[in-house]
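*Asks:* sequence first, then the predicted structure:
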Amino acid sequence: MKILIAVVIGALLLAGLYTLFNGTIMPTVTQKVKDLFNYKG
């Protein structure tokens, strides 16, 4: 039973981190990369 609970909690944590990463971190990283490539000296 403890193993099942641990698996469920782990899956929820991973899903939360994935959502946070995609929603918050990736757009800013993508924008910074685009800015780097669009840089005109």
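*Replies:* Thanks, I have the structure now. Numbers count the residues shown, from 1 in each chain.
*Asks:* tell me the buried residues in the lengthiest helix in the chain?
*Replies:* Longest helix of the chain, by residue count under DSSP state H: helix 2-20. For helix 2-20, the neighbour count (16 or more other C-beta atoms under 10 Å) marks no residue as buried. Quick note: C-beta positions are derived from backbone N, CA and C, even for glycine.
*Asks:* so how far is that helix off the chain centroid?
*Replies:* 14 Å (C-alpha atoms, centre = their mean, to the nearest Å).
*Asks:* same question for stretch 24-35.
*Replies:* So, by C-alpha atoms, centre = their mean, the centroid of stretch 24-35 is 12 Å from its chain's centroid.
*Asks:* pLDDT at the most centrally placed residue in the chain, what is it?
*Replies:* Closest residue to the average C-alpha location of the chain: residue 21 at 1.7 Å, with C-alpha atoms, centre = their mean. Looking at residue 21, its pLDDT reads 76.
*Asks:* ok, it to residue 27 distance?
*Replies:* Distance, residue 21 to residue 27, using C-beta to C-beta, to the nearest Å: 10 Å.
*Asks:* what's the answer for residue 3, then?
*Replies:* On the measure of C-beta to C-beta, residue 3 and residue 27 end up 36 Å apart.
*Asks:* after the longest helix of the chain, heading C-terminal, what element do we hit next?
*Replies:* Toward the C-terminal end, the helix or strand that comes next after helix 2-20 (DSSP states H and E) is helix 26-37.
*Asks:* tell me what that next one is packed against?
*Replies:* Where contact means 3 or more C-beta pairs under 8 Å, 6 or more residues apart in numbering; DSSP states H and E, helix 26-37 is not packed against any helix or strand.
*Asks:* only C-alpha atoms, please: export that helix in CSV.
*Replies:* The C-alpha atoms that make up helix 26-37 are tabulated as CSV, following Å, rounded to 0.1, in the frame of the first residue of the first chain:
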residue,chain,number,x,y,z
MET,A,26,10.0,27.3,-21.4
PRO,A,27,8.4,30.5,-22.8
THR,A,28,11.1,32.7,-21.3
VAL,A,29,13.9,30.4,-22.5
THR,A,30,12.4,30.3,-26.0
GLN,A,31,12.1,34.1,-26.0
LYS,A,32,15.7,34.5,-24.9
VAL,A,33,16.9,32.1,-27.6
LYS,A,34,14.9,34.0,-30.2
ASP,A,35,16.4,37.3,-28.9
LEU,A,36,19.9,35.8,-29.2
PHE,A,37,19.3,34.8,-32.8
